[in-house]
Each structure stands twice: as structure tokens, then as C-alpha cells.
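Peer 1: Just the structure for this:
(2 chains)
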2 protein chains.
Amino acid sequence: MTLPLANDRFLRALRREPVDRTPVWLMRQAGRYLPEYRQVRRKAGSFLAMAKHPEIACEVTLQPLRRFPLDAAILFSDILTIPDAMGLGLYFAEGEGPKFERPVRSAADVARLGVPDMEGELRYVMDAVRVIRRELHGAVPLIGFSGSPWTLACYMVEGGGSKDFARIKAMALNDPQALHALLSVNTEAVIAYLSAQRAAGAQALQVFDTWGGVLSPAMYREFSLPYLQRIARELERGEGDARAPLILFGKGTGAYLEELAASGAEGVGVDWLVELGEAARRTGGCVAVQGNLDPATLYGSPDAIRREVRRALDSWRDGNGGSREGHVFNLGHGMSPDMDPEHVAVLVDEVHAYSAR
Amino acid sequence: MTLPLANDRFLRALRREPVDRTPVWLMRQAGRYLPEYRQVRRKAGSFLAMAKHPEIACEVTLQPLRRFPLDAAILFSDILTIPDAMGLGLYFAEGEGPKFERPVRSAADVARLGVPDMEGELRYVMDAVRVIRRELHGAVPLIGFSGSPWTLACYMVEGGGSKDFARIKAMALNDPQALHALLSVNTEAVIAYLSAQRAAGAQALQVFDTWGGVLSPAMYREFSLPYLQRIARELERGEGDARAPLILFGKGTGAYLEELAASGAEGVGVDWLVELGEAARRTGGCVAVQGNLDPATLYGSPDAIRREVRRALDSWRDGNGGSREGHVFNLGHGMSPDMDPEHVAVLVDEVHAYSAR
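Peer 2: From the prediction side, this is the model:
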């Protein structure tokens, strides 16, 4: 655990220090697009079974690193471990995504929720972090993660995915106090969860506000942003080189870049709807920025992928006063099962090759 | 056809002239949330059968006007009539939305497409416009509409709805010329279609760029915006009080408000991700703005609906130098089948009552 990292580009970029090339990792880099992942999944039986077995979670976390020279590993887990540990009963309906047996529909439901025991119900996550850290042998840093309080609440109230977020928006309109109570307990749980992941060995921490972008600006500033700000303010993450930086990623939340950058988080993750150059100008060097290639770029030809990677790298540099510092290359959202691993190799190669010039 | 309108608030607002109260209509105001609509649909058998029979299309267009004092009617039709008339074979798979039997997958597929005959394959649309105009008896103006060239292309290439737009984005990356050829023929068809609707009696015209917001800024400015600009420039729409104003509505395209406002269109429609006050400031009085209540607001209580309506009206007025002029109240997206007609009544009432003060 105390050995220096063989490759600390990712952490240096998050500290806005000089790097020899732009670091790159990909959201959902451990996933179904890899045949070796599909093989493990078939044996394990289900996604949840994989996430709940630390050795299996470790194996699939490491798989993409064996294929591609990625600059960070990210814990293989589910975004909904916290509400599952709160007793909502997470399950996956075939072809429908995650669902909860006991969704949260009222103030009384909210009142029953508590922060789970991180070395109890959620010990399997911490064990996975410990095993992965050990097996990484200091090659690259390990990123821990959590859903944002708002994003967790979306699943908890809707009972699963949603197209229109009708139930949680109705709660926001009709019983905002109940929703704030839910968001508060979620925030406490997220802080405890990320702290425990750091204690177990995670060297950077990312919060996914996947559904922040479905809110009007007034609602985002009432129901999502303040809780992200609280996490950035209260989450203990160490000092100096030992500090585990926090990245706040939001989908469709480019309008709030300045506010996210001022939150105290070390990094802000953006989707492809914001140009990186604009992100650089609007954050003004006070945070690192992570992103933002449209994942659909991976459906393009190798030539097209290389062109789009260069365009993104140039956009950052042009908006960042000619410097590549402070940028972590990533997609603007997770990878999909039908993507070609060969195309991922091209992407990673081009990020490193072009940014090294 | 030459009688003056009994209620021309909507057209006056689009000309940025003074109005006695803010006009309001709702996207998908003729729809499944109305029991009388569901009854007609059961008899007609399908959505397409309704759209293709002018008398039925007229009946459902008028239904919401009998319930609510709306300030405009919108033609009941489908967004995909043009590609259907081009020969792609539109059908609706139960619970899956629109599909095409013969999607566009290659430059060769694109080369086979032509602008349909507006009084041939698409005569049923023009007949519907004529019947509705007659039956409205000049009560309120009738809005005609079309999908945008990009949004039509999304359905044509994907073969239906999509979550990730993988096929059309691959075409944009790998064969941009083919996509531009498709967008060009779509643009010609949209211009001919809207012209024919105006000739048949439509008094305002709206283009729905429903999927503009899935593109990166660079791609939006290459594949959607220029075609919207061409429509705004080339579409003949008359002069003075007889002019049929053009509204460009985009979902998730708030970042391009200035460019859309400078296109020559009379109105820009925005979703709920942009504050109306900000929209007013950014468009600077050069266009009218239509929008933008989150449709999920209709899941709120009557009190919550009234509060959110007032908030939106105030936001516009505050950003618009204290004036209510130049604003058409609407939702930021279409209504859903599970919405309560009583709540729509509350919304319409509050828009009129509060803005008349």
C-alpha cells in the first residue's frame, strides 16, 4: 500500500501538475464489450453476484488493464449498493435494468432509512477495494465511486430507471421536505461510503450525478447541487500526495460547471455536450476536468476515432492557455456492450500518442 | 379563411406585440391523457389511422380546445409523415414507438429518396389542415409542424427510436457526405411540407428538433443547425399580419439559443433546462420565446402547478425588461398519457390569470 505508483499520471492531472501525456480511463471500461467479462459473468450468473464477490469484482476490474494501457482502474460495483444496503431490495429484471422491491414513496418510507454499516452490509464493497488494491501492485491508481444523492434518490423513488422521473418530481413539487430528508440521509451515506472506500485503499473518488441533468436549473440548485457541494466540503480525503481527489461527474449538467468547479472538488467530469475548451475557460484552472468524448465515437472507424480524440485534446489545450495540464481524458458517459475492443485500443493509443507530442 | 381571428394572442406574442395575457398551448395537447381522445383512438384502431383520416385528425385536434381556453390549435399528425411518404414504411410496434420497415443505412439508400408530393402521398395532411381550419371558425390560430431534418434522419437511419443513436452517429463519423445528402433531401421536403401546410391554412409553423440535443456542439453545428437555418431563411411565409411565423423548438439545445435566435425564425422553443429569464436575456428581444415548464410539473398538486407557472412567467418578465411581451407559454416537451386533465385546466387558468395582472 505504501509503494509509489508506477503510473501516477491520473493523480497528477487531477492536481493540475505537469504530465508526460494526458491520462485516460473510460467509464464502464470493465464491461460487457469484453469477451472475457462476458465469460466471467456467465459463470457468476448475474451482475450482482459479480459485484458481491470481491475476487470476481477484482478480476473484472483488472481485465481492461490487461488489454489497454489505461491510467486508472475503477472499482467494479453497482451504483445502487447504498440503497440496496438500506433494505430496498435491489434486483435486475431481464432487459429492464435495476429495480427495487421496496421503493421509497412517502415521508414515512424515508424516515425508516438509515446509513448502512460500511463494514457490515457494505463490507463486500470494501473487501473488493482491498483485493483490487493488492492485485494492482501499484500499477495505476484505483478509483472508488458512488451515485450522487439525487441520482440514488431517483432510483429509490421511481423504483428503477425512468424516462420522465414523474414520481420523484411529484415528490419535489408536493413534498419537498420528504425529498430533502431522503437526500440528506443519502448524502450522509455517500460520505461514509466514499470515506470507507478511501480507508480500504481507493486513491481517487468519483460521484456520478447521472440524473442531475433532468432537472430544471431551479430544481437542480435545490435538489442536487447543494448535496454535491456538501460532499465536496465534508468528505475527508487526506493531504498532499496522499490526498484522494474527488471528481464530480454529471450528465447534462454542463450549465452548472462554474458552481461545480467552486465546490471544492478536485475534478469535474463533463459529458460531450460541453466543448472541453469551453470547460477549461469556464473552470479557469481551479479544478481538473475529466471527459468528454461522445461514447458513440467508438462506433466510428479507427480514423474517425483518432480524429475525434485529437479534436478533444486540442480543444482542451486551446481553452487551457496552450497547456495539456489538468485534463483527464474519458468518455462523456459509459461504454456500451456492442462496442469493439479494438476501437478502445485505438482511442487509448491516440490519447497517449497525440498528447505526448 | 379571411375572417379575423377571435383570439390572435398567440400570433401577436410571436410578433412581440402587446397582449392582454400570455398565450398558452401545450405540446401534445391532443393526446391520450384525454378520455375522449382514447375513445376516438379505440374506434379508429391506431394512431396512424387517426392521423391519416382528416375528419378524425380534426376531431382530436379540437378536443383540448373544447375543454381548455387554449390560445392555439396544433395539427394532429405524426412527426414521421415525411419519411413514410418517402417510402420507408412507417409502422408502430406495440409499446415500442415508431419503426420503419426500410431504414436508411447507406449512401445508396439516401440516393433513392426524393421529396414526396405534398398533394399526393401527403395530401391527407393537407386535407386535415383544411378541415381543421374550417372547423375552427377562426377561434384560434392553427399551427402546422414538421420534424427537423436531423430528427427525421435519426428515425430514418436508426429505423425507429434510439437510446444512443449509434447508427446515425457512426454515419456522421464514417460517411458524413451520405448524412449531408440525407439532411439535404429532408430539408427540401420539410420546406415543401411546411409551405403546403401554410397554403392549406396553417397560420404558424413549428419545427421539432427533438434529437438535436444528443449531439456534441461540433456535430450539432454541422448536422442540425445549418439545416434549421436554411429552413428559417428559405421558407416563404408571407408578410405583415398574414405572415405565418416559424418556431424552432429544440430539446436539449439551450446552448445554441443565440444561434437559433439569429436564424430568422420568429420564435424559438426551449425546454425546461433553460430559465426563461436567461432565454430572454440571451435572445435579446430579436425573437419570441416559447416554453418551458417541465411537463412533470403536471404531476404536482394544483398549488404546485400554480406556483411553477407563476415562477416561469416571472422569470420571463424579469429577464425581458419587465414586459410579458414576446412569450408564448408552453411545456418544455410533450404531455404524457398519465397526466390529469384537471391539472391542465389549472395550468391554463393560472397562465391567463397571473399574466393578466
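Peer 1: if I pick the residue of the stretch 1-150 of chain A at minimum distance from chain B, what's in contact with it?
Peer 2: In the stretch 1-150 of chain A, the residue that lies nearest chain B is A:Gly97 (11.2 Å; Cβ to the nearest Cβ). The C-beta positions use only the backbone N, C-alpha and C, and glycine is treated the same way. Contact partners of A:Gly97, counting by Cβ atoms under 8 Å, 6 or more residues apart in numbering or on different chains, are A:160-161.
Peer 1: Chain B contacts on the stretch 201-350 of chain A?
Peer 2: Residues of the stretch 201-350 of chain A found near chain B (Cβ under 8 Å from any Cβ of the partner chain) are A:213, A:216-219, A:252, A:254-255, A:272-275, A:294-297, A:299-301, A:304, A:308, A:311, A:336, A:338.
Peer 1: Tell me what the residue of the stretch 1-150 of chain A closest to chain B is bridged to.
Peer 2: Residues in a beta bridge with A:Gly97, per DSSP bridges, are A:Ala93.
Peer 1: A:Pro337: how many residues sit nearby?
Peer 2: 11 (other Cβ atoms under 10 Å in any protein chain shown).
Peer 1: Ok, A:Arg134 next?
Peer 2: The burial count assigned to A:Arg134 is 12, neighbours taken as other Cβ under 10 Å.
Peer 1: which SS state does it fall under?
Peer 2: helix (DSSP: H, G, I helix; E, B strand; the rest coil).
Peer 1: Quick one: residues contacting the residue lying closest to A:Arg198 once chain neighbours are set aside.
Peer 2: Sequence neighbours aside, A:Ala244 is the residue nearest to A:Arg198 in space, at 4.8 Å (criterion: Cβ to Cβ, 6 or more residues apart in numbering or on different chains). For A:Ala244, the contact set (Cβ under 8 Å, 6+ apart) comprises A:144, A:198, A:202-205, A:237-238.
Peer 1: Tell me the buried residues in the longest helix seen in chain A?
Peer 2: Using DSSP state H, we find that the single longest helix of chain A is helix A:176-200. Neighbour counts over helix A:176-200 (16 or more other Cβ atoms under 10 Å in any protein chain shown) mark A:178-180, A:182-183, A:185-198, A:200 as buried.
Peer 1: just checking, what packs against the lowest-mean-pLDDT helix or strand in chain A?
Peer 2: Here the helix or strand of chain A ranked lowest by mean pLDDT, DSSP states H and E is strand A:90-93, holding a mean of 91. With contacts taken as 3 or more Cβ pairs under 8 Å, 6 or more residues apart in numbering or on different chains; DSSP states H and E, strand A:90-93 sits against helix A:47-52, strand A:97-100.
Peer 1: okay if I get those as JSON lines plus mean pLDDT?
Peer 2: What follows is the helices and strands packed on strand A:90-93, written out as JSON lines (pLDDT from 0 to 100):
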{"stretch": "helix A:47-52", "mean pLDDT": "94"}
{"stretch": "strand A:97-100", "mean pLDDT": "94"}
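Peer 1: ok, for A:Asp84, nearest residue in space, not its chain neighbours?
Peer 2: Once flanking residues are discounted, A:Asp84 sits nearest to A:Leu90: 3.7 Å by Cβ to Cβ, 6+ apart.
Peer 1: same question, A:Met335
Peer 2: A:Met335's closest residue in space is A:Arg28 (Cβ to Cβ, 6+ apart), at 4.5 Å.
Peer 1: my guess is that neighbour contacts A:Gly334, does it?
Peer 2: Yes - here A:Arg28 reaches A:Gly334: they are 3.4 Å apart, a contact under Cβ atoms under 8 Å.
Peer 1: so where's the stretch 1-150 of chain A shaky on pLDDT?
Peer 2: Along the stretch 1-150 of chain A, the model assigns pLDDT under 70 to residues A:1-3.
Peer 1: now the strands for it?
Peer 2: In the stretch 1-150 of chain A, the strands defined using DSSP state E, counting those that start in this stretch lie at A:73-74, A:90-93, A:97-100, A:142-147.
Peer 1: and B:Val24, which of these is closest to it?
Peer 2: Comparison of the strands of the stretch 1-150 of chain A against B:Val24 by Cβ to Cβ identifies strand A:97-100 as nearest, at 36.0 Å.
Peer 1: For whatever residue of the stretch 101-250 of chain A ends up closest to chain B, which non-adjacent residue is spatially closest?
Peer 2: Residue of the stretch 101-250 of chain A nearest chain B, by Cβ to the nearest Cβ: A:Leu173 (3.3 Å). Distances taken as Cβ to Cβ, 6+ apart put B:Gly300 closest to A:Leu173, at 3.3 Å, once the chain neighbours are dropped.
Peer 1: ok, A:Glu239 - contacts?
Peer 2: By Cβ under 8 Å, 6+ apart, no residues touch A:Glu239.
Peer 1: Likewise for A:Arg237?
Peer 2: A:198, A:205, A:243-246.
Peer 1: still on that earlier bit, now for the helices and strands packed on strand A:90-93, which one comes closest to A:Gly120?
Peer 2: That would be, of the helices and strands packed on strand A:90-93 and by Cβ to Cβ, helix A:47-52, which comes in at 13.8 Å.
Peer 1: pLDDT on stretch A:188-196, on average?
Peer 2: Averaged across stretch A:188-196, the pLDDT comes to 98.
Peer 1: Relative to the whole chain's centre, how far out is that stretch?
Peer 2: Stretch A:188-196 has its C-alpha centroid displaced from the chain centroid by 15 Å (Cα atoms, centre = their mean, to the nearest Å).
Peer 1: swap in stretch A:163-171?
Peer 2: 23 Å.
Peer 1: out of everything not next to it in sequence, what's closest to A:Ser263?
Peer 2: A:Ala232 (4.0 Å).
Peer 1: Quick check: that neighbour is in a helix.
Peer 2: Yes - A:Ala232 forms part of a helix when assessed by three-state DSSP.
Peer 1: how many neighbours does it have?
Peer 2: Other residues close to A:Ala232 by other Cβ under 10 Å number 18.
Peer 1: That one contacts A:Glu259, correct?
Peer 2: No - A:Ala232 is not in contact with A:Glu259 according to Cβ under 8 Å; the separation is 10.8 Å.
Peer 1: still on that earlier bit, which among the strands of the stretch 1-150 of chain A is found nearest to B:Gly159?
Peer 2: That would be strand A:97-100 among the strands of the stretch 1-150 of chain A, by Cβ to Cβ, at 22.3 Å.
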